[in-house]
Structure formats: C-alpha cells, structure tokens
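Participant: Below are the sequence and a predicted model; questions follow.
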Amino acid sequence: MRDFRYLWIGRVLAVLAIQTQSSALLWQVYEIARRDHPIEQASLYLGLVGLVQFLPLLAFTLPAGEMADRRDRKLTVIISVIVEGLCAVAFLAMAIHGSPPLWGLLAVAALFGACRAFLAPASQAFLPMVVGRRALPPAIAAQSIAFQTGAIAGPALGGVIVGVSVPLAYAVALSMFIAAAAAIALIRTSGKPEIIPGGPSRFAAVQEGLAYVWKTKMVLGAISLDLIVVLLAGVALLTPIFARDILHVGPEGFGLLRASFGVGALTVAVWLSRFPIRRRGGWWMFGAVAVFGLCTLTFGLSQWFWLSVMVLFLGGAADMISVNIRQTLIQLATPDHMRGRVSSVSMLFIGASNELGEAYSGVAVRFLGPVGAAVFGGFGALASTGIWAKLFPDLRKADKLT
C-alpha cells in the first residue's frame with residue numbers, strides 16, 4: 001500500500017533522527033557534567049534530561065490526545081516533526097559554540113518533549129486510518145520494524161558520529177527530520193478523524209478518555225505495567241555511564257550498547273510481521289516482561305562488554321514481544337473516535353515513562369551507584385510482573401489478538 005510505505009519511511013527517518021540526536025545529547029551532557037563532578041553527581045544531569053522532557057509530556061499529552069480526535073492527524077504529525085527539526089537546529093547551533101551551557105541544552109530538550117506530546121497520539125491514531133482494522137496487527141509489527149530500524153541505526157550512528165563531531169550528529173539528525181516530514185506529507189489518506197455530532201466539550205472529552213482506560217482493565221493493566229517496568233528497569237540513561245566509566249569502551253562502545261537493544265527488538269519485529277502471535281497474548285506478554293527484567297539485572301552485574309551487548313539484545317527481543325501484544329490489544333479494544341485520547345493516555349503512561357525513567361535512574365545512580373540502580377531495577381521489574389499478573393487477571397488471560 002502506497003500510503004503505508006510513506007508512513008513507514010517517515011517513521012524510520014523520524015526515529016532515526018530522534019535516536020541520533022538523543023545519543024549526541026546524552027553523551028554531550030555527561031561529558032560536560034563529568035568535567036567538574038564525580039559519576040554519581042554527573043548522573044543527576046543525565047536525569048535532568050529525562051525530567052525536562054517528561055514535564056511537558058505530562059502537561060500536554062492528554063490535551064494533545066483530545067486534539068487528535070478533532071484535528072487532522074496527518075497535519076499534526078507533520079508540524080510536530082518540523083518543530084523537532086527546529087530543536088535539532090538549536091542543538092546544532094549550541095554544539096558549534098563548543099561548550100554550551102547545560103541549561104540551554106535542557107531548555108531545548110523540554111521543547112522537544114512538548115513536540116513528542118503532540119506527535120505520539122496523532123501518529124498512533126493515524127495508523128488505523130491508513131491500513132484499516134483487518135491489517136492492523138501486521139501493520140503494528142511493521143511499524144515496530146520501522147521504529148527498531150531507527151532505534152538500531154540511530155544510537156550506533158550517533159555514537160560513531162559523536163566520536164568524530166557532536167555538531168555533525170545534530171546536523172545529520174536535522175536532515176532526517178526534514179526528510180521524515182516530506183514523506184508524511186506525501187500520504188494521500190485523509191487524517192481528519194470521525195467526529196460525532198454533539199460530542200462532549202474538550203475537558204469532558206479528556207475525562208471520557210481517562211474513564212474509558214480506567215474501566216477497560218485490560219488496557220489499564222497493559223499500559224500501567226509498561227510504565228512501572230520502564231520506570232524501574234530502563235537502561236537508556238545508564239548506557240553512557242557504563243560505556244565511559246565501567247566498561248571503558250568510549251563513544252563507539254556506547255553506540256553499540258544502545259544499538260544492541262534495538263537489534264534484538266528488530267529481529268523479533270521482523271519475525272512478528274510474518275508470523276504474528278495470535279493466541280495466548282497475555283501469557284506471552286507477561287513472560288516477555290519477566291525476561292526483560294532478568295536482562296536488566298544481568299546488565300547491571302556484567303563486567304564484560306560483549307555480555308552486556310548480548311543481554312541488551314535479549315532484552316530488546318523480549319521488549320518487542322511485549323510492545324507488539326500491548327499495542328495490538330489497545331488498538332483492537334478502542335473505537336476509532338476515541339483512539340486519539342486513548343493513545344494519549346497510553347503515551348502518558350508508556351512514552352513518558354522513558355523520560356521519567358531517565359530522571360529516576362539519575363537519582364537511583366546518585367544513591368545506589370550505576371550497578372546498584374540496574375540491579376534494583378531488574379528485581380523491581382520481576383516483582384512487578386508477578387503483582388500485575390495477579391491484579392489484572394483479564395490481561396493475564398487475554399487470548400486472541402485478531
């Protein structure tokens with residue numbers, strides 16, 4: 001399908017740009033902070049990168065979801081990607097300066113977080129409009145391939161380019177943001193959502209989306225489990241610390257650590273696009289989350305670079321199984337006129353959990369050290385898996401994914 005191809009290409013380019021930019025930003029912030037601070041204190045600055053992106057996500061995601069159910073979803077995606085490109089321009093200008101102030105980098109990161117608040121619900125709600133309900137499960141898998149392609153190449157590319165030039169990494173990210181916006185603009189499918197006449201007010205519409213998620217325990221359980229697991233066991237912020245100060249592998253090794261998670265996820269995403277999981281979805285999801293926790297625990301204890309790469313690969317594979325099942329359950333359980341609002345709630349729980357997890361990791365490293373933070377997160381993910389399986393039996397018993 002022509003339109004889905006452009007959507008897929010746009011997603012690859014956007015994620016590739018985001019990950020390349022994120023790699024450059026994390027490395028740059030940590031390098032600046034380590035000039036004057038020990039590891040534990042420098043990690044707090046990395047945590048601030050996540051926190052300043054989480055706060056605008058918290059403030060704007062729910063209103064953005066309501067807007068996605070009223071406004072043209074395709075146009076919202078295009079504008080959001082363009083503004084993200086402007087953020088890359090700002091990062092590039094400050095990097096050329098040589099030693100930019102940390103507050104300047106954090107301010108642009110906050111604007112970038114606000115863009116993501118509008119981008120995620122609009123793009124997630126736009127996908128079913130492009131492919132239709134029957135093709136949704138394999139389309140979600142294909143979109144996951146797009147995401148993981150960017151997630152693999154972006155950190156690896158960012159790590160390698162940062163070793164040469166931080167400004168060059170931001171310039172490459174900018175070019176890909178421009179190309180992503182152009183690809184989305186070529187889609188012919190209308191992004192205007194179905195609007196029910198005499199619908200609720202904007203505030204009431206946001207409340208309606210929250211109430212739907214709260215009442216639909218399968219959806220609530222899926223997105224809240226992801227929130228707690230990513231909050232505790234996410235290792236994105238820890239990779240520059242481990243690469244620089246524990247494994248001693250430099251920016252190139254940092255890029256490989258970040259890329260290995262995506263390689264595992266991409267491998268499974270390709271498999272799921274051909275052979276999607278159709279039965280025993282709840283069992284598969286909880287098992288995958290448990291494996292993810294074990295991989296985080298092992299990563300924290302590892303003193304060998306290639307062991308760390310391997311467990312991140314396995315963690316990415318397990319995470320992709322969980323992501324694919326969760327997104328399929330949410331989309332199939334949600335009517336089209338509420339997809340923007342439900343996607344925004346999902347984004348608030350799931351997408352924002354990455355940034356909030358980075359903030360948490362920065363604090364955890366401050367008090368537990370990087371190894372202690374990873375080990376504690378791995379144990380926390382395992383415990384959460386058991387607790388959620390008991391609290392949400394409907395999710396545990398979820399079967400058909402078609």
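Facilitator: Received the coordinates, thanks. Numbering: from 1, shown residues only.

Participant: all contacts plus neighbour counts: C-alpha atoms, from now on.
Facilitator: Fine.

Participant: Can you get me a residue count around residue 124?
Facilitator: The tally of other residues near residue 124 (other CA atoms under 10 Å) stands at 23.

Participant: ok, now how distant is it from residue 118?
Facilitator: 11 Å (CA to CA, to the nearest Å).

Participant: Ok, residue 11 next?
Facilitator: Taken as CA to CA, the span from residue 11 to residue 118 is 15 Å.

Participant: Tell me where the stretch 201-350 of the chain has helices.
Facilitator: Along the stretch 201-350 of the chain, counting by DSSP state H, counting those that start in this stretch, helices occupy 202-215, 217-233, 238-241, 250-274, 281-301, 305-332, 339-346.

Participant: in the fourth one, what counts as buried?
Facilitator: Just to be clear, that refers to helix 250-274. By neighbour count on 16 or more other CA atoms under 10 Å, the buried set for helix 250-274 is 250-270, 272-273.

Participant: Determine how far it lies from the middle of the whole chain.
Facilitator: In terms of CA atoms, centre = their mean, to the nearest Å, the centre of helix 250-274 is found 14 Å from the chain centre.

Participant: And that helix, what does it pack against?
Facilitator: Packing partners of helix 250-274 (3 or more CA pairs under 8 Å, 6 or more residues apart in numbering; DSSP states H and E): helix 136-164, helix 238-241, helix 305-332.

Participant: repeat for the shortest one
Facilitator: Counting contacts by 3+ CA pairs under 8 Å, 6+ apart, helix 238-241 packs against helix 2-34, helix 250-274, helix 352-391.

Participant: can you rerun that using 10 Å?
Facilitator: With contacts taken as 3 or more CA pairs under 10 Å, 6 or more residues apart in numbering; DSSP states H and E, helix 238-241 sits against helix 2-34, helix 39-68, helix 250-274, helix 352-391.

Participant: And the second one, by the same measure?
Facilitator: Helix 217-233 is packed against helix 202-215, helix 281-301, helix 305-332, helix 339-346, helix 352-391, helix 393-396, with contacts defined by 3+ CA pairs under 10 Å, 6+ apart.

Participant: mind putting the helices and strands packed on helix 238-241 in a markdown table, distance to residue 243 and mean pLDDT included?
Facilitator: As requested, the helices and strands packed on helix 238-241 are exported to a markdown table (distance: least, CA to CA, whole Å; pLDDT from 0 to 100):
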| stretch | distance to residue 243 | mean pLDDT |
| --- | --- | --- |
| helix 2-34 | 10 | 83 |
| helix 39-68 | 12 | 75 |
| helix 250-274 | 5 | 76 |
| helix 352-391 | 11 | 76 |
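
Participant: Could you point out which of the ones you listed sits nearest residue 289?
Facilitator: helix 352-391 (6.7 Å; CA to CA).

Participant: any idea of the angle that closest one forms with helix 39-68?
Facilitator: Helix 352-391 and helix 39-68 meet at an angle of 80 degrees, taking axes from the mean of the first three to the mean of the last three CA atoms, to 10 degrees as the criterion.

Participant: Let me know which of the helices of the stretch 201-350 of the chain is the nearest to residue 168.
Facilitator: Checking those against residue 168 by CA to CA gives helix 250-274 as the closest, at 14.4 Å.

Participant: Would you indicate which residues of the helix or strand hosting residue 106 are buried?
Facilitator: Residue 106 is part of helix 102-131, with elements assigned from DSSP states H and E. Neighbour counts over helix 102-131 (16+ other CA under 10 Å) mark 102, 105-106, 108-131 as buried.

Participant: Counting by contacts, list what it packs against.
Facilitator: Applying 3+ CA pairs under 10 Å, 6+ apart, one finds that helix 102-131 contacts helix 2-34, helix 39-68, helix 73-97, helix 136-164, helix 305-332, helix 339-346, helix 352-391.

Participant: out of those helices, nearest to residue 297?
Facilitator: Shortest distance between residue 297 and those, using CA to CA, is found for helix 352-391: 4.3 Å.

Participant: returning to that earlier point: and the angle for the helix holding residue 106 with helix 352-391?
Facilitator: Taking the same axes, to 10 degrees, helix 102-131 and helix 352-391 form an angle of 60 degrees between their directions.

Participant: how near is the nearest residue to residue 3 once chain neighbours are set aside to residue 80?
Facilitator: Spatial nearest neighbour of residue 3, excluding adjacent residues (CA to CA, 6 or more residues apart in numbering): residue 187 at 5.0 Å. Distance, residue 187 to residue 80, using CA to CA: 16 Å.

Participant: So what's the residue count around the residue lying closest to residue 114 once chain neighbours are set aside?
Facilitator: Nearest non-adjacent residue to residue 114, counting by CA to CA, 6+ apart: residue 56, 5.0 Å away. Counted with other CA under 10 Å, residues neighbouring residue 56 total 20.

Participant: that older thread, export the helices of the stretch 201-350 of the chain to JSON lines and tack on distance to residue 91?
Facilitator: Output for the helices of the stretch 201-350 of the chain, formatted as JSON lines (distance: least, CA to CA, whole Å):
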{"stretch": "helix 202-215", "distance to residue 91": "34"}
{"stretch": "helix 217-233", "distance to residue 91": "27"}
{"stretch": "helix 238-241", "distance to residue 91": "19"}
{"stretch": "helix 250-274", "distance to residue 91": "19"}
{"stretch": "helix 281-301", "distance to residue 91": "31"}
{"stretch": "helix 305-332", "distance to residue 91": "29"}
{"stretch": "helix 339-346", "distance to residue 91": "27"}
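
Participant: So for residue 34, what's the nearest residue that isn't a sequence neighbour?
Facilitator: Spatial nearest neighbour of residue 34, excluding adjacent residues (CA to CA, 6+ apart): residue 42 at 5.6 Å.

Participant: my read: that neighbour touches residue 28, true?
Facilitator: No. If you go by CA atoms under 10 Å, residue 42 and residue 28 don't touch, sitting 11.6 Å apart.

Participant: Flag the shaky bits of the stretch 51-200 of the chain, pLDDT-wise.
Facilitator: Low-confidence segments of the stretch 51-200 of the chain (pLDDT under 70): 65-66, 68-69, 98, 132-137, 140-141, 144-145, 147-156, 159, 191-200.

Participant: My guess is residue 299 contacts residue 312. True?
Facilitator: Yes. Residue 299 lies in contact with residue 312 (CA under 10 Å); the separation is 7.2 Å.
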